[in-house]
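Colleague: Sequence plus predicted model, see below.
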Amino acid sequence: MIIDMHRHLWSLFERYPRAAEIARRGGAKEALVEDLPVVPDWEQTGRDLIKEMDESGIDISVIFMADYALRLGDGIFTAEGENRIHVELMKRYPDRIIAYFGIDPRRKGAADSFETAVTEWGVRGLKMHPTVGYFPHDRAAYPLYEICQSKGLPVTFHTGPMPSPLFSRYTQPLHFDEVAADFPDMTIVMAHAGQELWPEALNVARMKPNIILELSMWQPKFKFLSEFLFAIDRMRDTIGIERITWGSDFPGLRNVMPMKKWVDIFKQLPSLGEEHGFKFDDLDVQALMGGNAARILNL
């Protein structure tokens, strides 16, 4: 089974053209996006998502939104509206899609909204994107973590830098240490494993067994294959293969690499590793691409 632990319906750059323009100036290929229609067809987007999953051999995708509104304004839909779309797609494709709830904890009534989403809508986790201006250990977020811990739900955080007008300092890996210590029974997924700060993310995770490192947004690192393999090998040898998961961060990375190629790279880890002096086996691949995610999601 292959589970994509990090998937969106629309990328940041599709939702916010201003951020796309800034990122393009920095040379970001993922910011080369076409404008969405004034009213996007979310049902067709859902069908396209399933089609891409089928073509790439992905069994389940975890979908969620990043709540950028307090920094960037509402995107193509309001935060509540986009969360509801995810839940509706989960209902339509119950064997293929799992929805998390995305919210900025500084919103009024954030914990109540999340509680409702869990108990009435059936969401299976929480997504947070602190680059809008709060630290993961901001006490405004703690009521949401209490819900996650009490109900056994994972929380996925963006980690690592983001383009302007978002802030990068709030998601440096060390800032997740306090949350992991205060909520030791809550599963924390560090999306993107800190990006280029992955050694710091690994160092934090080494002492906090409730932290999972997730490898979405790592497509650009494949250009440096030896470094790419070394990083995964070092993570495995330090915290164990059971604490690393695979994800795509699509559609934002589609211009960097097709989904099927990203899937195939991890399927080929044993042969790629052998070529570069690293030893991976089929059990490592199974754990990375679905086994660990199934455990985290209680499938």
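Modeller: Good, I have the coordinates. Numbering: from 1, shown residues only.
Colleague: Can you spell out which helices and strands pack onto the lowest-mean-pLDDT helix or strand in the chain?
Modeller: Least confident helix or strand, the chain: helix 17-25 with a mean of 72, by mean pLDDT, DSSP states H and E. Applying 3 or more CB pairs under 8 Å, 6 or more residues apart in numbering; DSSP states H and E, one finds that helix 17-25 contacts helix 12-15. All C-beta spots, glycine's among them, are computed from the backbone N, C-alpha and C.
Colleague: so what's Pro161 closest to, chain neighbours aside?
Modeller: Once flanking residues are discounted, Pro161 sits nearest to Ser168: 3.8 Å by CB to CB, 6 or more residues apart in numbering.
Colleague: just Lys151 next, same as before
Modeller: Closest to Lys151 by CB to CB, 6+ apart is Val118, at 6.2 Å.
Colleague: The one you found and Gly247: what is the separation?
Modeller: Val118 is 22 Å from Gly247, where distance means CB to CB, to the nearest Å.
Colleague: Leu283 too?
Modeller: For Leu283, the distance to Gly247 - CB to CB - is 19 Å.
Colleague: Tell me which of the two has more neighbours.
Modeller: Gly247 (25 against 11; other CB atoms under 10 Å).
Colleague: Any chance of the backbone angles for that one?
Modeller: Dihedral angles phi and psi of Gly247 (degrees, to the nearest 10) take the values phi -160, psi 170.
Colleague: quick one: the helices in the stretch 101-250 of the chain?
Modeller: Using DSSP state H, counting those that start in this stretch, the helices of the stretch 101-250 of the chain run over 110-116, 142-151, 177-182, 198-207, 225-239.
Colleague: Those helices: which one's closest to Ile22?
Modeller: Among those, the nearest to Ile22 by CB to CB is helix 198-207 (24.4 Å).
Colleague: And that closest one, what's buried?
Modeller: The neighbour-count check on helix 198-207 (16 or more other CB atoms under 10 Å) flags 198, 200-205 as buried.
Colleague: so what's Asp95 closest to, chain neighbours aside?
Modeller: Spatially, and ignoring its direct neighbours in sequence, Asp95 is nearest to Ile60 (7.6 Å; CB to CB, 6+ apart).
Colleague: Show me how far stretch 57-64 is from its chain's centre.
Modeller: In terms of CA atoms, centre = their mean, to the nearest Å, the centre of stretch 57-64 is found 11 Å from the chain centre.
Colleague: Would you mark the buried spots in it?
Modeller: For stretch 57-64, a neighbour-count test (16+ other CB under 10 Å) marks 58, 60-64 as buried.
Colleague: Likewise for stretch 280-299?
Modeller: Of all the residues in stretch 280-299, those buried under the rule 16+ other CB under 10 Å are 280, 284-285, 287-293, 296-297.
Colleague: try stretch 109-122
Modeller: For stretch 109-122, burial by neighbour count (16+ other CB under 10 Å) applies to 110-111, 113-115, 117-118, 121.
Colleague: Now flag whichever of these is closest to Leu89.
Modeller: Nearest to Leu89 among the buried residues of stretch 109-122: Trp121, at 11.9 Å, using CB to CB.
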